[in-house]
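In: just need the structure, nothing else, for what follows:
(2 chains)
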Protein chains: 2
Amino acid sequence: MRQLTPTDRTTIRRKKDRGQYDVETIHAILDEGIVCHVGFALEEQPWMIPTAHVRIDDSLFLHGATGNHALRALATGIPACVTVTLVDGLVLARSAFHHSINYRSVVIFGSAERVDDEEQKAAVLHALVEHLVPGRTTDARQPTNEELRSTLVLRIPIDEASAKVRTGGPVDEPEDMTLSVWAGVIPLTIESGTPLRDDDVTHDVVVPEYATGYSRRLR
Amino acid sequence: MRQLTPTDRTTIRRKKDRGQYDVETIHAILDEGIVCHVGFALEEQPWMIPTAHVRIDDSLFLHGATGNHALRALATGIPACVTVTLVDGLVLARSAFHHSINYRSVVIFGSAERVDDEEQKAAVLHALVEHLVPGRTTDARQPTNEELRSTLVLRIPIDEASAKVRTGGPVDEPEDMTLSVWAGVIPLTIESGTPLRDDDVTHDVVVPEYATGYSRRLR
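Out: The predicted structure is shown next:
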């Protein structure tokens, strides 16, 4: 299993046992997440945007309108920090103190660079739609050259990154184990509901299976 | 409806119509979110942590171990940026270009201050457990003084904040409206599964209703 080398920035210091540096774990979390949070700073002032992302091989890609202030700032190559967080469950301990959350998160440190090659941009946007809804690109009208030109695409290498993962049940103090309090985990998942057809879609257009059977977890 | 005054930092500039500044909307998003992302910068280097939060009145509270580096940095009063993002659905447009996500997000700019008063700390931690699992504090063993002392609690005022909300179906180009492509929204919700009992809980302890009937949306 390929491992990333922990750096000063990516070494998990608290709850060290939750730290994971293997590429497989990191990629799986990035792929399951729908949105990431991207942080950057301008003169000590932190900024953060939630945005959709897609991973291709060892790169994370972001996109937005060419006029997007945050993406334009990131495109200058200032330090960036990207986090994807998945919440898997609520951990109910016997003591309030030991309540916790089961989660899988990834943090990436790096700098973004613009993707200007139109072919590569098209490939990224294709992958982005597939990241959100696998199968969708077979139906959706593909981007025009004008649409590609009005989209800013950024690449951040996934080489300085780590994952932090909590799984399992509560960890209580020994003296609390005999308390008559229910303890365990409430599992949480993202579930899809019945697809809502846009008013203007005629009824002979069937709802695609990737919509009716949409699941984030079973990819 | 009480409105926050938009500042340079909280004014929504892109997709202005999605910007909302009323306290009711902002609070509801913060209350529904399980975790927030907290960003800050140390010498232009951005850092970000996902962590549980709780809102009480017009303040957002964070907590962690007293040794937590990120919280200790925030406690010095450096500028912080907190974001809560809820993903409500995937928006499938006829064109790849107009695919989108229905979301509700809040960003708060401000500085944290330590909460040192033990009574207030206890109240915050109580509210935090209730934020995660409403009803749980009636069962869980309450924090000891030692547990309170080993917990760092931070307060960030919610006075410079804004929400950004996208709802509804796809918005396609007029010339794409006649394409024979299904378009609409895949709604997404966070759902709870069957609570997983910790091995050491005896079977005469019944699973509480707040666990079996857990829902994030119907609070």
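In: which residues touch the one residue in chain A that gets nearest to chain B?
Out: Here the residue of chain A nearest chain B is A:A41; by C-beta to the nearest C-beta that distance is 3.3 Å. To be clear about C-beta, it is placed using only N, CA and C from the backbone, and glycine gets the same treatment. Shown in contact with A:A41 (C-beta atoms under 8 Å, 6 or more residues apart in numbering or on different chains): A:W47, A:I78, A:P79, B:A41, B:E44, B:Q45, B:P46.
In: selecting buried members of those residues in ChimeraX, what would you type?
Out: Buried subset of the contacts of A:A41, written as a ChimeraX selection, criterion 16 or more other C-beta atoms under 10 Å in any protein chain shown:
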select /A:47,79 /B:41,45,46
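In: tell me which two of the contacts of A:A41 sit farthest apart.
Out: A:W47 and B:Q45 (13.4 Å; C-beta to C-beta).
In: scan chain A for its longest strand.
Out: Assignment by DSSP state E gives strand A:79-92 as the longest strand of chain A.
In: picking that back up, so what's the residue of chain A closest to chain B bridging to?
Out: A:P46 (DSSP bridges).
In: and it, what's its pLDDT?
Out: pLDDT recorded at A:A41 is 97.
In: just A:L218 next, same as before
Out: 51.
In: for A:L4, same thing?
Out: 94.
In: check contacts around the closest residue to it other than its chain neighbours.
Out: Using C-beta to C-beta, 6 or more residues apart in numbering or on different chains and skipping the chain neighbours, the partner closest in space to A:L4 is A:Y21 (4.8 Å). Applying C-beta under 8 Å, 6+ apart, we find A:Y21 in contact with A:Q3, A:L4, A:T5, A:P6, A:T10, A:S162, A:A163.
In: go ahead and confirm the first one touches A:T25.
Out: Yep, that's A:Q3 we're talking about. No: between A:Q3 and A:T25 there is no contact under C-beta atoms under 8 Å: 9.9 Å.
In: which of those two has more neighbours?
Out: A:T25 (17 against 12; other C-beta atoms under 10 Å in any protein chain shown).
In: distance check, the residue nearest to the more buried one when sequence neighbours are not counted against A:N102.
Out: Excluding the flanking residues, the one nearest A:T25 by C-beta to C-beta, 6+ apart is A:A163, at 5.0 Å. Applying C-beta to C-beta, to the nearest Å, the value for A:A163 to A:N102 is 14 Å.
In: just A:T137 next, same as before
Out: A:T137 is 33 Å from A:N102, by C-beta to C-beta.
In: of those two, which one has the most company?
Out: Higher neighbour count among A:T137 and A:N102: A:N102, with 19 against 16, using other C-beta under 10 Å.
In: looks to me like that one is in a helix.
Out: No: the assignment for A:N102, made by DSSP: H, G, I helix; E, B strand; the rest coil, is strand rather than a helix.
In: just the pLDDT for it.
Out: Turning to A:N102, the model gives it a pLDDT of 98.
In: same deal with the one 4 residues further on?
Out: A:V106 is assigned a pLDDT of 98 by the prediction.
In: so what's the residue count around it?
Out: A:V106, neighbours per other C-beta under 10 Å, totals 27.
In: buried stuff in the helix ranked longest in chain A?
Out: What stands out as the longest helix in chain A, according to DSSP state H, is helix A:118-132. Residues of helix A:118-132 classed as buried by neighbour count (16+ other C-beta under 10 Å): A:K121, A:A122, A:V124, A:L125, A:H126, A:L128, A:V129, A:E130, A:H131, A:L132.
In: can you sort out which of the residues you listed also neighbour chain B?
Out: A:L125, A:H126, A:V129, A:L132 (C-beta under 8 Å from any C-beta of the partner chain).
In: once you drop chain neighbours, what's closest to the first one?
Out: In other words, A:L125. In space, A:L125 is closest to A:P143, 5.9 Å off (C-beta to C-beta, 6+ apart).
In: so the one you found, which of the three states?
Out: A:P143 is classified as coil under three-state DSSP.
In: how close does it sit to B:P208?
Out: 51 Å.
In: with that, I have no additional questions.
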